[in-house]
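Asker: make a model of this:
(4 chains)
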Number of protein chains: 2
Amino acid sequence: MSRKHQERSRRPRRRRASTPRRQAVIVRARPASLPWVRLVIATCQVDYVGRLTAHLPPAKRLILVKADGSVSIHNDDRAYKPLNWMSPPCTLVEEPATESEPARWTVTGKDGGQLVITIEEIFHDSTHDLGVDPGLQKDGVEAHLQELLAEHPSVLGEGWTLVRREYPTAIGPVDLLLRDANGAAVAVEVKRRGEIDGVEQLTRYLELLNRDPLLAPVRGVFAAQEIKPQARVLANDRGIECVTLDYDALRGIPRDEMTLF
Amino acid sequence: MSRKHQERSRRPRRRRASTPRRQAVIVRARPASLPWVRLVIATCQVDYVGRLTAHLPPAKRLILVKADGSVSIHNDDRAYKPLNWMSPPCTLVEEPATESEPARWTVTGKDGGQLVITIEEIFHDSTHDLGVDPGLQKDGVEAHLQELLAEHPSVLGEGWTLVRREYPTAIGPVDLLLRDANGAAVAVEVKRRGEIDGVEQLTRYLELLNRDPLLAPVRGVFAAQEIKPQARVLANDRGIECVTLDYDALRGIPRDEMTLF
DNA sequence: CTCTGAATCTCGTGT
DNA sequence: ACACGAGGTTCAGAG
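Answerer: Sure, this is the predicted structure:
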């Protein structure tokens, strides 16, 4: 079912004076019509020049070429991040080995960055059609937490009610704007993991909201599934309340009564 | 040179009442002694339950299994990030297909998260030894910028001199502490790309440093190869100077004279 | 070990 | 196209 790698095009390459040259093979210039991956196991050296400079000494590795033009070089460890890569869109030019030089692949990115792969020995090379992917469905990210809190504002405080989600300000929307039992405004920043920059964000919003005489004084609540100690310290220092959330529990409880009427 | 996949161990699995059961094969429980990768092209469905919940409908994809125990599922696009994955350390249990059920791989992570891969058809399956990787050498990241600025403080201001790199404070080290031509202290935050959180970081340092009567008043400089407009606005608003850096130019100029004497 | 911050981050979304 | 924020971020280094 897997098919052998097919060369897409072939063109002569300008001969440099007094240098034995090889023919170059452009493997991909634009996304192909059909999804495919090419798998190569080879002893290779890699040199990247682009946003930074990086060098990989020769070793046996996996080279993964995708239909979108991306190339990545993996060894056996790291979760999924390659040792080296080139993001699409990019062009791969293959130069076969000659008597004097090893094979060389040059991957050129849109921004001019280059990944040069010098291939000493190939152990495996196969290309596989994949078909279109239906895509990933996710559940349980920050947006869901925000939704759930909007449905259950009383989780944050007895008698609190929702004014609106994504309450707009000049510097961006506040995740939730509530009213507490006394009618005072409460700005809520929702995070999956609460860190310092989230507290900073909420601080900026509070500063702005408190300039609005119709809202001031505005309380701040930092709500997250997990709050880092430094973030908690900073929040407390600024009079911001911290609430840790239980996603499963939130999902389980019935919608606040008041939204039913 | 590539060898066929070798099963590492085999154990009987407890039979559930009135359910036809299959034998399970534990592929990896711990890092193997030799680096290798396993490449599988298969029609598969993937369900992840862990820090979030995710589902991939059946389609033909690449499954990449590494020696460190990680498993990742790729389709033909995205730079290098898999559609779904499990980070090491984790355990892969293979259950072969039976008459009534398709093959199923269950990957269990350290935190209890699970990735369940239901395999309908396998088109390719090979395992390859890789050998130990010598590792990646990088050049041109933030640390280098900081080094270069430490060597060339006059790039930031005429007559400025270095007090020290990584100047310690209660909330962490300031990238650079300098003295300007008048002997006033200057705190410098160095970034490759300057964004709002970098300005916030520097602001916190300045607040702290300015409490020190030996240093106050301390000027702030935000130095980066690229500064986002919003970050620049915020910095200006707080009296922090912005400097954009040219890495190549910095690398080219000779070390500041004063460090030569 | 945990925690912190950088990253060739990647990837989505909104303007 | 660019800017901004989230991420199952990943990754490396320091305490």
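Asker: from here on, just use CA atoms for contacts and neighbour counts.
Answerer: Noted.
Asker: quickly list the domain ranges of chain A.
Answerer: A:25-129, A:142-256 (automatic domain parsing).
Asker: got those as CSV, with mean pLDDT and mean neighbour count columns?
Answerer: Shown next, in CSV, are the domains of chain A (pLDDT from 0 to 100; neighbours: other C-alpha atoms under 10 Å in any protein chain shown):
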stretch, mean pLDDT, mean neighbour count
domain A:25-129, 90, 19
domain A:142-256, 90, 17
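Asker: next up, the contacts around the nearest residue to A:L215 once chain neighbours are set aside.
Answerer: Take A:L215 and drop its neighbours on the chain: the residue closest to it by C-alpha to C-alpha, 6 or more residues apart in numbering or on different chains is A:A185, 6.0 Å away. Applying C-alpha atoms under 8 Å, 6 or more residues apart in numbering or on different chains to A:A185 gives the contacts A:177-179, A:215-219.
Asker: what does A:S72 give?
Answerer: Neighbouring residues of A:S72 by C-alpha under 8 Å, 6+ apart: A:63-65, A:82-86, B:80.
Asker: where do the strands sit along the stretch 101-250 of chain A?
Answerer: For the stretch 101-250 of chain A, strands defined by DSSP state E, counting those that start in this stretch occupy the ranges A:103-109, A:114-129, A:137-139, A:161-167, A:174-179, A:185-194, A:219-227, A:241-244.
Asker: as JSON lines, the ones you listed with distance to B:V243 would be great.
Answerer: Output for the strands of the stretch 101-250 of chain A, formatted as JSON lines (distance: least, C-alpha to C-alpha, whole Å):
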{"stretch": "strand A:103-109", "distance to B:V243": "28"}
{"stretch": "strand A:114-129", "distance to B:V243": "28"}
{"stretch": "strand A:137-139", "distance to B:V243": "41"}
{"stretch": "strand A:161-167", "distance to B:V243": "34"}
{"stretch": "strand A:174-179", "distance to B:V243": "31"}
{"stretch": "strand A:185-194", "distance to B:V243": "31"}
{"stretch": "strand A:219-227", "distance to B:V243": "33"}
{"stretch": "strand A:241-244", "distance to B:V243": "36"}
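Asker: of all those, which lies closest to B:Y48?
Answerer: Distance to B:Y48, taken as C-alpha to C-alpha, is lowest for strand A:137-139 among the strands of the stretch 101-250 of chain A, at 9.3 Å.
Asker: any idea of the mean pLDDT in that closest one?
Answerer: The average pLDDT within strand A:137-139 is 89.
Asker: ok, it: who's next to it in the sheet?
Answerer: strand B:53-66 (antiparallel) (DSSP bridges).
Asker: from the stretch 1-150 of chain A, which residue is nearest to DNA strand C?
Answerer: Minimum separation of the stretch 1-150 of chain A from DNA strand C (C-alpha to the nearest atom of the strand) falls at A:N84, amounting to 3.2 Å.
Asker: who's in contact with that residue?
Answerer: A:46, A:48, A:72-74.
Asker: these also near DNA strand D: which ones?
Answerer: On the criterion C-alpha under 7 Å from any atom of the strand, none of the entries of these sits beside DNA strand D.
Asker: can you add secondary structure and distance to A:T106 and give the residues you listed back as JSON lines?
Answerer: Putting the contacts of A:N84 into JSON lines (DSSP: H, G, I helix; E, B strand; the rest coil; distance: C-alpha to C-alpha, whole Å) gives the following:
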{"residue": "A:V46", "secondary structure": "strand", "distance to A:T106": "10"}
{"residue": "A:Y48", "secondary structure": "strand", "distance to A:T106": "10"}
{"residue": "A:S72", "secondary structure": "strand", "distance to A:T106": "13"}
{"residue": "A:I73", "secondary structure": "strand", "distance to A:T106": "13"}
{"residue": "A:H74", "secondary structure": "strand", "distance to A:T106": "17"}
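Asker: quick check: the farthest pair among these?
Answerer: By the measure C-alpha to C-alpha, A:Y48 and A:H74 form the most distant pair in the contacts of A:N84, at 14.4 Å.
Asker: for the residue most central in space within chain A, helix, strand, or coil?
Answerer: By C-alpha atoms, centre = their mean, the mean C-alpha position of chain A lies nearest to A:K81, the distance being 11.7 Å. Under DSSP: H, G, I helix; E, B strand; the rest coil, A:K81 falls in the coil class.
Asker: the one 10 residues further on now?
Answerer: The three-state assignment at A:T91 reads strand, by three-state DSSP.
Asker: just to check, it is in contact with A:G112?
Answerer: No. Assessed by C-alpha atoms under 8 Å, A:T91 is found out of contact with A:G112, at 10.5 Å.
Asker: pull the CA atoms of the longest helix along chain A into CSV?
Answerer: With secondary structure taken from DSSP state H, chain A has its longest helix at helix A:196-209. C-alpha atoms of helix A:196-209 as CSV (Å, rounded to 0.1, in the frame of the first residue of the first chain):
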residue,chain,number,x,y,z
ILE,A,196,2.6,35.7,37.1
ASP,A,197,1.8,37.0,33.7
GLY,A,198,-1.9,36.2,34.3
VAL,A,199,-1.8,38.4,37.5
GLU,A,200,-0.2,41.2,35.5
GLN,A,201,-2.9,41.0,32.9
LEU,A,202,-5.6,41.2,35.5
THR,A,203,-3.8,44.1,37.2
ARG,A,204,-3.8,46.1,33.9
TYR,A,205,-7.5,45.4,33.5
LEU,A,206,-8.3,46.4,37.0
GLU,A,207,-6.3,49.7,36.7
LEU,A,208,-8.4,50.5,33.6
LEU,A,209,-11.8,49.4,34.9
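Asker: related to what we said a few turns ago, between the contacts of A:A185, which is closest to A:E207?
Answerer: Scanning those for proximity to A:E207, where the rule is C-alpha to C-alpha, the winner is A:V218, at 9.0 Å.
Asker: now do the phi/psi pair for that closest one.
Answerer: phi -110, psi 130 (degrees, to the nearest 10).
Asker: not counting sequence-adjacent ones, nearest residue to it?
Answerer: Leaving aside its chain neighbours, A:V218 sits nearest to A:A185 (5.0 Å; criterion: C-alpha to C-alpha, 6+ apart).
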